[in-house]
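Trainee: Here's my sequence, what's the structure:
(one chain, ligands or ions: 1)
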Amino acid sequence: MLIIIVQRGCVNKMVKQETKNDKTYFMCEECNMYYKTKDLAEKCESHCRDKHACDTEITKYAVQLD
Ligand SMILES: [Zn+2]
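Mentor: You can find the predicted model right below:
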């Protein structure tokens, strides 16, 4: 059984912040999906990095930018 412990503050935060139409979005640099909150983007990114796959429980909150 593999246990992955994510230590907050220790992980190199890669989440990218982007402002479009006066709204701020946070992008997961692993899968390039945008989120409205930094928290979701960070969750997505750590999941993407660890599992090399997206978690549909997280990506359902992704937002589509034109
Ligand atoms: Zn991701």
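Trainee: which SSE is the spatially most central residue of the chain in?
Mentor: Closest to where the C-alpha atoms of the chain average out (CA atoms, centre = their mean) is Ala41, at 2.4 Å. Assigned by DSSP states H and E, Ala41 belongs to helix 38-51.
Trainee: Now that helix: buried residues?
Mentor: Neighbour counts over helix 38-51 (16 or more other CB atoms under 10 Å) mark 40-49 as buried. For the C-beta atoms, the positions are set from N, CA and C on the backbone; glycine is no exception.
Trainee: Next secondary structure element downstream of it?
Mentor: Following helix 38-51 in sequence, per DSSP H and E, is helix 56-59.
Trainee: Would you mark the buried spots in that next one?
Mentor: For helix 56-59, burial by neighbour count (16+ other CB under 10 Å) applies to 58-59.
Trainee: which residues sit against it?
Mentor: With contact meaning CB atoms under 8 Å, 6 or more residues apart in numbering, helix 56-59 is reached by 31, 33, 40, 43-44, 47.
Trainee: let's see 6 Å
Mentor: Contacts with helix 56-59, where a contact means CB atoms under 6 Å, 6 or more residues apart in numbering, come from 43-44.
Trainee: just stretch 20-38 next, same as before
Mentor: Residues from elsewhere that reach stretch 20-38 (CB under 6 Å, 6+ apart): 14-18, 41, 44-45, 48-49, 54, 62-63, 65.
Trainee: Grab the two from those that are most spread out in space.
Mentor: The distance between the two most remote of these (CB to CB) is 21.9 Å, for Arg49 and Leu65.
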